[in-house]
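[1] Next one to model:
(2 chains)
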There are 2 protein chains.
Amino acid sequence: MAKEKKLVEAITSMEEDFAQWYTDVVKKAELMDYSSVRGCMIFKPAGYAIWENIRNELDRRFKENGVENVYMPMFIPESLLEKEKDHVEGFAPEVAWVTHGGLNPLQERLCVRPTSETLFCDFYKNEIQSYRDLPKVYNQWCSVVRWEKETRPFLRSREFLWQEGHTAHATAEEAEERTILMLNLYADFMEDFLAIPVIRGQKTDKEKFAGAEATYTIEALMHDGKALQSGTSHNFGDGFAKAFGIQYSDKENKLQYVHQTSWGVSTRMIGALIMVHGDDSGLVLPPRVAPTQLMVIPVQQRKEGVMEAAAELKERLGRVCRAKLDDSDKSPGWKYAEQEMRGIPLRAELGPRDIAENHCVVVRRDTGEKITVSLDEIETVIPQLLDTIQHDMYERAKAHLDAHISDAHDYAEFCETVNTKPGFVRAMWCGDQACEDKIKEETGATSRCMPFNDQEQISDVCVCCGKPAKKLIYWGRAY
Amino acid sequence: MAKEKKLVEAITSMEEDFAQWYTDVVKKAELMDYSSVRGCMIFKPAGYAIWENIRNELDRRFKENGVENVYMPMFIPESLLEKEKDHVEGFAPEVAWVTHGGLNPLQERLCVRPTSETLFCDFYKNEIQSYRDLPKVYNQWCSVVRWEKETRPFLRSREFLWQEGHTAHATAEEAEERTILMLNLYADFMEDFLAIPVIRGQKTDKEKFAGAEATYTIEALMHDGKALQSGTSHNFGDGFAKAFGIQYSDKENKLQYVHQTSWGVSTRMIGALIMVHGDDSGLVLPPRVAPTQLMVIPVQQRKEGVMEAAAELKERLGRVCRAKLDDSDKSPGWKYAEQEMRGIPLRAELGPRDIAENHCVVVRRDTGEKITVSLDEIETVIPQLLDTIQHDMYERAKAHLDAHISDAHDYAEFCETVNTKPGFVRAMWCGDQACEDKIKEETGATSRCMPFNDQEQISDVCVCCGKPAKKLIYWGRAY
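    The predicted structure is shown next:
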């Protein structure tokens, strides 16, 4: 058992040091590795396979909603980046600059895209002439670069993978509709596919995207009680259209500016998966996103007939789920520890006695529960079990979220709650940025969002200054 | 008919000016557009959808052959790029350099990957310790940058999309096997899926990849008789392993260097699709790769029942192929011209008379043939017809290839053939690079490959110098 223990011992426990636990899981589950380029990561097969599943499912949902994929250049000329004032102020300090092509200096330096609003605007300016050319609902899957000082696997790195949708519409109403549609698509995806409940809402002006009129967000709660912004959708109004001159002639042949949106999610979602569902044995993946859903592990595999029976079981289960067989020469205990570390939702243990009794022992990764399943029923039981796990994982995460939302009615209560209760703190706000700044500075909590369903008023006054309150806000410390 | 004529008239004919015809098709079929960044392209929805189909099908075939996907950083530190001497000489003159991150100069400049051998080697160095860690068969889908002076849509641009596989093996034999396996996978894909016949063979030392021991290639013939290198697979032996120190301990616990390969195909394949199958009405896509396989076009669509019948037909056909309905308010003739320009393999015309007679008129894009098909049999006929088109397109391209391979026995015949007969010229070679250089300089033809099945000896002597011949070579002018 020495080896098995070693694999597990190498993980710091969550309670002891959450940040170290996170890094250990990322490394031991073989999701990623550091590269020779500071702040840039390597997605290893297990990590990239999760991203492929996220991408394929999101892409399917996008296409059902009229989204078309394109690909824009990765470089942005400096003059183009500078066209929209707020936007360049937001991004210029953190972009990587290309100054030489081959042996020659460039006439104008190019940044590696941190996001592609400016390129899409430049494209739409030529592409859109008439109302017949609208709407444009384009998206691209690519990597972007932001020269961050502090980096962290999946959560913040100098290069990351994402999708960015960029749309142009005839009217403000249609743009707003698309902004909300995409935010809800993200939220539903997080909840249905990743089993992660989210708070949907709007960012304050302080926290909104550089150049946006309104930014909507989904906020998830990690196991340690910190928030993770997991997807955003922006309504630009006609600000970019005016900066770039994107006009169309309407049915009366009058020139009008288009209304635009953009929206994106990234490999951050993998960070959320780890920090919402993981435990002290490693990663725990919800079945829908898990690249491998079940691992068949033979016991006493050298005994006659065991390997053949395990291979047959894998074949049968491969028709109803994503099943694999671990036929390596490691011990069963070592294989269990690996399957647990990698977050594979189920394992099926099969040894000589099981074969004789025509069953196998199925173990749930999320609960550790052992279930003896007749081999006659295995093709029916496993898919049901995967559905149950998916459902239960969501319910547990939802219960965790609900248990970590507190209300604060005055500033003393607010400060104490932030300091003693991990999670979101709901409190009223006057709408003044000075209060937002003060809260952030003094407590470390930022405004995460103004929730969509905020009929419930906690109090009449701002939690910070006591003036009349305008908005309910979810506050929290965040990644 | 004025509008329809305009759409078609805008294309230069192939015979008149092939290069202009190519650019016109790229533009009019809305595959791509130029961007504000010189030499970088925008993949529009129609162009990107072709790439998605290529990628999905290749990725499926890769995974069937044990390939796992990963993602490496897009930046390479200069010192890393310089580790393998031949490799850096080949690539350094054409890379883009990042010198600043945010507001600060970098300590070491980074190039944007032109290809990722060096990054994979740096990764494998740490990842591979024992024979148990082998083989590694990794691939990534990404974009790469090469600062080309002359660019051309899909064929050569400063940024392009591709996949690059990088493998490490215990033995030289296994590496060679993988190199050939991937080349054959590419060739089969080109022939089965893109309906493009290819010549499989090995590059001469002059033409091989910077740092490779051997480069294998598939060469396709464009409609104008020029060759297009469409995919390559390289065997590196242990050259990179020695430069980067990638060693494993074998079963006897002795340290050994790994043997490596790399292989890639790119969005160039879309250029091949256009130039092999296109005609004076635009793009012609083989059904398997076509994003839309059939367009339903209503005739006299304002007459009662026509639009409903067309929508129903689209619904029915959508279950057996990738079908769309053009329900825009353009005239049928305009819609036909658009469907032809975009290379959609079939259209189904449906008007009041057709509905009354319970049939529709199906038109093949590749031949123009009109077929009246009973609506009772349409779900059976269309898939068969798509198979027939796929088959016929391959056969036509194969006939074109075969008709454009000539043999040359001496230098005078060689020069005349190159100048008068577009296509490949087969001729014997002594193995001396001086002859290869002379031929290139004097005729513009380069050695495309030494074919795998070269039992057939055209003559005993080198076509250039008359010394004893060693190898049969396919020569040709190339893109």
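
[2] Please make it C-alpha for all contacts and neighbour counts, starting now.
    OK.

[3] SS state for the residue nearest to the spatial centre of chain A?
    In chain A, the centroid-proximal residue (C-alpha atoms, centre = their mean) is residue A:269; its distance is 1.9 Å. Here residue A:269 is helix, with the state taken from DSSP: H, G, I helix; E, B strand; the rest coil.

[4] What count of nearby residues applies to the nearest residue to it once chain neighbours are set aside?
    Excluding its sequence neighbours, the residue lying closest to residue A:269 (C-alpha to C-alpha, 6 or more residues apart in numbering or on different chains) is residue A:230, at 6.2 Å. Residue A:230 has 24 neighbouring residues, counting by other C-alpha atoms under 10 Å in any protein chain shown.

[5] I'd like to know how far residue A:230 sits from residue A:451.
    Separation of residue A:230 from residue A:451 (C-alpha to C-alpha, to the nearest Å) stands at 15 Å.

[6] can you check residue A:168 too?
    If you go by C-alpha to C-alpha, the gap between residue A:168 and residue A:451 works out to 26 Å.

[7] How about residue A:261?
    20 Å.

[8] Which one of these two is surrounded by more residues?
    residue A:261 (30 against 20).

[9] Let me see the contact set for residue A:209.
    Applying C-alpha atoms under 8 Å, 6 or more residues apart in numbering or on different chains, we find residue A:209 in contact with A:215, A:234.

[10] helix, strand or coil for the residue nearest to residue A:269?
    Going by three-state DSSP: residue A:230 is strand.

[11] my read: it touches residue A:221, true?
    No: with contacts counted by C-alpha atoms under 8 Å, residue A:230 stays clear of residue A:221, the gap being 9.8 Å.

[12] what about stretch A:84-97, how long is it end to end?
    19 Å.

[13] Quick check: buried residues in that stretch?
    For stretch A:84-97, the neighbour count (16 or more other C-alpha atoms under 10 Å in any protein chain shown) marks A:84, A:87, A:88, A:91, A:92, A:94, A:95, A:96, A:97 as buried.

[14] does chain B sit close to that stretch?
    Yes: Stretch A:84-97 reaches chain B (C-alpha under 8 Å from any C-alpha of the partner chain) through A:92, A:93, A:94, A:95, A:96, A:97.

[15] farthest pair in those residues?
    Of all pairs drawn from these, the widest gap by C-alpha to C-alpha lies between A:93 and A:97 and measures 10.6 Å.

[16] if I look at those two, which residues touch both of them?
    Taking C-alpha under 8 Å, 6+ apart as the contact rule, the neighbours common to residue A:93 and residue A:97 are residue B:102.

[17] Nearest residue to the residue of the stretch 351-479 of chain A found nearest chain B in space, please, no chain neighbours.
    Residue of the stretch 351-479 of chain A nearest chain B, by C-alpha to the nearest C-alpha: residue A:479 (21.4 Å). Distances taken as C-alpha to C-alpha, 6+ apart put residue A:228 closest to residue A:479, at 5.5 Å, once the chain neighbours are dropped.

[18] Please apply the same query to residue A:354.
    residue A:360 (5.4 Å).

[19] Quick check, the one you found in contact with residue A:376.
    No: applying C-alpha under 8 Å, one finds residue A:360 not in contact with residue A:376, separated by 10.3 Å.

[20] Compare those two and say which is more crowded by neighbours.
    residue A:360 (25 against 10).

[21] And what about the more buried one, helix, strand or coil?
    Three-state call for residue A:360 (three-state DSSP): strand.

[22] One more: residue A:436?
    Three-state call for residue A:436 (three-state DSSP): helix.

[23] need the strands for the stretch 351-479 of chain A, in chain order.
    Taking DSSP state E, counting those that start in this stretch, the strands of the stretch 351-479 of chain A run over residues A:359-364, A:370-374, A:405-407, A:424-429, A:446-451, A:471-476.
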